[in-house]
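> quick check, what structure comes out for this input:
(one chain, ligands or ions: 3)
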Amino acid sequence: MSKALLYDATLCVGCKACEGACAEQNKLPYDETIAAEQVQSDHKFTVVLNKNEKYMRRLCMHCQDPACASVCPVGALHKTAAGPVVYEEDRCMGCRYCMAACPFGVPKYEWSKVLPKVQKCVMCPDRVAAGRPTACTEACPTGATKFGEREELIQEARDRIRQNPSNYVPHVFGIEEVGGTSVLILSGVAFEEFGLKPNELPKDPLPLYTYRVLSRIPDFVPLGGMVLGGVWWITHRREEVAAAEAAEKKEDRGGSR
Ligand code: SF4
Ligand code: SF4
Ligand code: SF4
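Ligands and ions are numbered 1, 2, ... in the order given. Take a look at the predicted model:
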């Protein structure tokens, strides 16, 4: 049994309490300017999109078999049995393959920082491990975001559609997409309006495609190229960081004279 979130867009009033709670939980800045931003970013792990008074929450989908984890060469991302796809920044070498692999465009990179890392919603793993709901769930005043066992939430989502068919698009997003996700979504308007494309996403886990493609490549030549490219990038990045630190120290010395 693993935990999941059920977001029901028909119950969402766009108050953004989930955004604020997420920022507090993850010690991120949050003010009116950030609240108005309509994209997930390195400082905004969840966003409530608004179109004509219809809402849609976006956050990491916590895929059952995550593509981000399958391409990470150092295992910085991994799916836990409890549900969350977590990220260990100490392991991350900054190659950003996860960003290229994620079908939902979730991982973001701290481009403006000297020592950047990848950022994304990690589904409050400490809370989940302690049997508590995620911070965004706890803050939601309408029950639009609900936390629970994935199988029970799937059943509940189906029941909601059955009991109120005119309220919903007859599809629970996240049961099958990319092999299933630990975030399930119900909507009253076409998912495509908010950039979610159930008809275009494969039902198989994306890592399967990675393996299928790799198995057809003789001697894994492009993979070797990717690894070498990664090594080059790390070396290059270290040089950049060292240069930036040296410049900063020089400036400090100049300022303290
Ligand atoms: S949505 Fe993207 S970042 Fe989140 S678990 Fe799936 S592949 Fe990884
Ligand atoms: S699950 Fe946790 S990290 Fe993810 S959006 Fe909610 S509060 Fe933020
Ligand atoms: S807290 Fe709940 S109602 Fe408010 S924006 Fe987030 S999901 Fe919607």
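> tell me how many other residues crowd the closest residue to ligand 3 within the stretch 151-257 of the chain.
Here the stretch 151-257 of the chain gets closest to ligand 3 at one residue, I185, 11.1 Å apart by Cβ to the nearest ligand atom. In this view, the C-beta of every residue, glycine as well, is placed from N, C-alpha and C. Neighbour count of I185, defined by other Cβ atoms under 10 Å: 25.
> now do the contacts for the most centrally placed residue in the chain.
Nearest residue to the geometric centre of the chain (Cα atoms, centre = their mean): C60, 2.3 Å. By Cβ atoms under 8 Å, 6 or more residues apart in numbering, the contact set of C60 is F45, V85, F104, V106, K120, C121, V122, M123, V183.
> and Q119, its phi and psi?
phi -130, psi 140 (degrees, to the nearest 10).
> count the neighbours of it for me.
Counted with other Cβ under 10 Å, Q119 comes out at 21.
> now for it: which residues touch it?
Per Cβ under 8 Å, 6+ apart, neighbours of Q119: S41, D42, H43, F45, P107, K108, Y109, E110.
> which of the residues you listed sits closest to ligand 1?
The closest of the contacts of Q119, once distances to ligand 1 are taken by Cβ to the nearest ligand atom, is P107, at 5.1 Å.
> which residues sit in contact with Y168?
T10, R160, I161, L186, S187, G188.
> need the buried ones from these selected in ChimeraX.
Typed into ChimeraX, the line below selects the buried ones among the contacts of Y168, using 16 or more other Cβ atoms under 10 Å:
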select :10,160,161,186,187,188
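> and the contacts of Y168, which of them are in helices?
R160, I161 (DSSP state H).
> helices of the stretch 101-250 of the chain, residue ranges please.
All helices of the stretch 101-250 of the chain, identified by DSSP state H, counting those that start in this stretch, fall at 125-129, 135-139, 150-163, 206-215, 221-256.
> before we move on, back to that, what about the residue nearest to the centre of the chain, distance to Q25?
In this view, C60 and Q25 are 14 Å apart by Cβ to Cβ, to the nearest Å.
> before we move on, what about A139?
A139 is 9 Å from Q25, by Cβ to Cβ.
> G14: neighbouring residues, count only.
Here the number of neighbours of G14 (other Cβ under 10 Å) works out to 15.
> specify the beta-bridge partners of the closest residue in space to it that isn't next to it in sequence.
In space, and not counting its chain neighbours, G14 is closest to Y55: 4.6 Å by Cβ to Cβ, 6 or more residues apart in numbering. Beta-bridge partners recorded for Y55 (DSSP bridges): N50.
> hang on, the earlier thing: out of the contacts of Q119, which are close to ligand 1?
The residues of these that also fall near ligand 1, by Cβ under 6 Å from any ligand atom, are P107.
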